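> Sequence and predicted structure below; questions after.
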Amino acid sequence: MKNVIAVKAFKSLQTTSALCKAANVTRGQLRLYEEEGLIAPQSRTEAGYRQYGNDTLDRLKAIMHLKELGFTLAEIALLLSDRDYGEIDEQAIQRLAGEVLSKIDERIAGLQVIRGYVAPVAVGDMSVLQDEDCNFVVEFMTALSAEKIRRRA
C-alpha cells in the first residue's frame, strides 16, 4: 500500500518542463517567479531537478492573471502572501488598490487618446494621417499589420 501512495504522490508532481507547458510560461519566467518567492518547488529529485505540486499550476495562472491586470510582481507577492498566511493587511491592500486604480485610470486615458486618432481611420477618415503630430498613428497601424502577418507565418 505504501508503494502505491508513493507512486501516486510522485505522479502528482510536475517537472519544470511540464509545468511550463501547462501554464504557458517560459523557464525564465518560472525561475523569476521562484526568485521573487511567488512559487517554490515542492521537492527535488536525487539529480536536483525541481518538482512542483499540482497547486503550482493554479498559482501560476493566478500570477499571470494578476500581471495582465497590471499588478507588479511585488504587489502580487503581497497579495499571495496575505492569501497564503490568511492574514490580510487591510491598509496595505487599500493602498495597493488605490495605486492599481490610478494605473488603470492612466491606461484608460492613454487608450482614449489613441482611440481618438484610430477611430476616424477605422471608418475611412484618413485626414488624421496627414497631421504631422499624428505620425504615430501610421506607425501604430503599420506595426499592427506587421504583427498580424508575422503571426500567420
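Good, I have the coordinates.
> Nearest residue to the middle of this protein?
In the chain, the residue lying closest to the centroid (C-alpha atoms, centre = their mean) is residue 64, at 3.1 Å.
> Please identify which helix or strand holds that one.
helix 55-68 (DSSP states H and E).
> next one: that helix to chain centre, how far?
For helix 55-68, the gap between its own C-alpha mean and the chain's C-alpha mean amounts to 7 Å (C-alpha atoms, centre = their mean, to the nearest Å).
> got it, and stretch 40-57?
Between the mean C-alpha point of stretch 40-57 and the mean C-alpha point of its chain there is a distance of 21 Å (C-alpha atoms, centre = their mean).
> which residues sit against that stretch?
With contact meaning C-beta atoms under 8 Å, 6 or more residues apart in numbering, stretch 40-57 is reached by 12, 13, 14, 15, 16, 19, 22, 23, 34, 39. For glycine as for every other residue, the C-beta is placed from the backbone atoms N, C-alpha and C.
> again, only using 6 Å
Under the contact criterion C-beta atoms under 6 Å, 6 or more residues apart in numbering, stretch 40-57 has outside partners 12, 13, 14, 16, 19, 22, 23, 39.
> and what of stretch 94-105?
Outside of stretch 94-105, the residues that reach it under the criterion C-beta under 6 Å, 6+ apart are 70, 75.
> Now it: buried residues?
96, 100 (16 or more other C-beta atoms under 10 Å).
> In a markdown table: the contacts of stretch 40-57, plus secondary structure.
As requested, those are exported to a markdown table (DSSP: H, G, I helix; E, B strand; the rest coil):
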| residue | secondary structure |
| --- | --- |
| 12 | helix |
| 13 | coil |
| 14 | strand |
| 16 | helix |
| 19 | helix |
| 22 | helix |
| 23 | helix |
| 39 | coil |
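> Among those residues, name the least confidently predicted one.
Least confident by pLDDT among the contacts of stretch 40-57: that is residue 12, with 73.
> neighbours around that residue, how many?
Counted with other C-beta atoms under 10 Å, residues neighbouring residue 12 total 13.
> how much space between it and residue 46?
18 Å (C-beta to C-beta, to the nearest Å).
> Mind putting the contacts of stretch 40-57 into JSON lines with distance to residue 51?
Compiled in JSON lines, the contacts of stretch 40-57 are given as follows (distance: C-beta to C-beta, whole Å):
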{"residue": "12", "distance to residue 51": "9"}
{"residue": "13", "distance to residue 51": "4"}
{"residue": "14", "distance to residue 51": "7"}
{"residue": "16", "distance to residue 51": "8"}
{"residue": "19", "distance to residue 51": "9"}
{"residue": "22", "distance to residue 51": "14"}
{"residue": "23", "distance to residue 51": "15"}
{"residue": "39", "distance to residue 51": "12"}
